[in-house]
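A.B. asks: Just the structure for this:
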Amino acid sequence: MSAFSEAALERKLSELSNSQQSVQTLSLWLIHHRKHSPLIVTVWERELRKAKPNRKLTFLYLANDVIQNSKRKGPEFTKDFAPVIVEAFKHVASESDETCKKHLGRVLSIWEERSVYENDVLEQLRQALYGDRKGRKRTFEQIKADENNCSERCSPSEPPQTTDLIRALQELENAASGDAAVHQKIASLPVEFQDVSLLDRITDKESGEQLSKMVDDACMLLADYNGRLAAEIDDRKQLTRMLSDFLRCQKEILTEKEHKLELWSIILLFLDGLIW
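C.D. replies: Residues are numbered from 1 along each chain as shown. Have a look, this model is predicted:
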């Protein structure tokens with residue numbers, strides 16, 4: 001990987017795109033240089049505030065990927081992002097539309113489910129994103145009640161958008177589980193990774209350092225892949241809910257149309273009888 005410098009980080013952040021590959025590639029580079037995490041977070045926050053509104057969400061996606069996939073290496077990024085992440089959420093939310101805020105809410109939900117931060121930080125993030133409207137984390141009973149109410153009021157006039165379904169399906173075309181290149185890399189890892197008895201082959205410091213670097217690179221590869229798989233699981237769960245809502249609403253539309261068709265058939269038969 002390329003050497004770390006503040007200028008190199010600024011350049012990479014300026015080239016960051018919203019694609020999954022772009023976010024994960026830069027995340028991997030940052031995790032590799034985690035000893036510079038204080039400076040990385042400082043530059044990240046500075047460039048986030050300078051970025052155009054349509055790129056700010058991508059910076060939070062990057063922070064999310066780094067925070068989650070670096071935990072096995074150490075707590076550096078989780079700790080260093082903590083003092084700035086709330087203000088970053090406030091900044092992005094203040095310049096975002098409702099669609100962007102939904103994506104921010106999804107990131108926050110993942111952090112809540114995985115206890116990425118302490119409750120006081122999560123509470124501040126909820127306040128930053130939702131304000132008083134959703135200032136408190138809902139109880140299980142409240143969530144179930146909302147789900148039931150949503151099911152009851154789902155109407156044919158308000159189905160999930162078809163474009164959203166298409167976009168979600170297209171995003172899964174490049175999902176981690178179908179990444180043949182990564183599968184091949186994992187399958188090609190040296191046998192020393194599976195059989196500790198082969199460590200006896202290490203006869204000098206140079207061979208030991210070489211194997212240590214290989215292990216470090218492999219851990220980064222696997223950590224990145226696990227992070228992508230976790231994100232894919234979340235995407236598939238969300239898509240399942242969207243499809244379920246869409247199908248339910250379509251069935252309601254079909255039932256309504258069938259009822260109208262039956263009614264018109266009766267009316268036509270009645271009119272036909274009057275004519276004759």
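
A.B. asks: remind me which residues of the stretch 51-200 of the chain are low pLDDT?
C.D. replies: 132-160, 192-200 (pLDDT under 70).

A.B. asks: in it, which spans are helices?
C.D. replies: Using DSSP state H, counting those that start in this stretch, the helices of the stretch 51-200 of the chain run over 53-69, 76-94, 98-113, 119-130, 140-153, 162-171, 180-187.

A.B. asks: any idea which of those is most buried?
C.D. replies: The highest average neighbour count among those, using mean count of other CB atoms under 10 Å, belongs to helix 53-69 at a mean of 21. Where C-beta positions appear, they are placed from N, C-alpha and C, glycine not excepted.

A.B. asks: so what does that one touch, helix or strand wise?
C.D. replies: Other elements packing on helix 53-69 under the criterion 3 or more CB pairs under 8 Å, 6 or more residues apart in numbering; DSSP states H and E are helix 20-32, helix 37-50, helix 76-94, helix 98-113, helix 205-275.

A.B. asks: would you list the helices of the stretch 51-200 of the chain in JSON lines and tack on distance to residue 255?
C.D. replies: Output for these, formatted as JSON lines (distance: least, CB to CB, whole Å):
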{"stretch": "helix 53-69", "distance to residue 255": "39"}
{"stretch": "helix 76-94", "distance to residue 255": "40"}
{"stretch": "helix 98-113", "distance to residue 255": "29"}
{"stretch": "helix 119-130", "distance to residue 255": "36"}
{"stretch": "helix 140-153", "distance to residue 255": "15"}
{"stretch": "helix 162-171", "distance to residue 255": "20"}
{"stretch": "helix 180-187", "distance to residue 255": "44"}
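
A.B. asks: Could you say which one of those helices comes nearest to residue 240?
C.D. replies: helix 162-171 (10.0 Å; CB to CB).

A.B. asks: before we move on, the earlier item: redo the helices and strands packed on helix 53-69 as CSV? Include distance to residue 162.
C.D. replies: Below are the helices and strands packed on helix 53-69 laid out as CSV (distance: least, CB to CB, whole Å):
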stretch, distance to residue 162
helix 20-32, 23
helix 37-50, 33
helix 76-94, 27
helix 98-113, 15
helix 205-275, 8
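
A.B. asks: mind checking which of the helices of the stretch 51-200 of the chain is nearest residue 254?
C.D. replies: helix 162-171 (15.9 Å).

A.B. asks: what's the angle from the closest one to helix 98-113?
C.D. replies: 50 degrees (axes from the mean of the first three to the mean of the last three CA atoms, to 10 degrees).

A.B. asks: Mind checking the helices of the stretch 51-200 of the chain for the one nearest to residue 226?
C.D. replies: That would be helix 53-69 among these, by CB to CB, at 7.5 Å.

A.B. asks: And that closest one, how far out from the chain middle?
C.D. replies: 9 Å (CA atoms, centre = their mean, to the nearest Å).

A.B. asks: Tell me which residues are up against that helix.
C.D. replies: Residues from elsewhere that reach helix 53-69 (CB atoms under 8 Å, 6 or more residues apart in numbering): 13, 16-18, 23-24, 26-28, 30-31, 44, 47-48, 51, 77-78, 81, 85, 88-89, 91-92, 95-96, 100, 103-104, 107, 110-111, 114, 116, 223-224, 226-227, 230.
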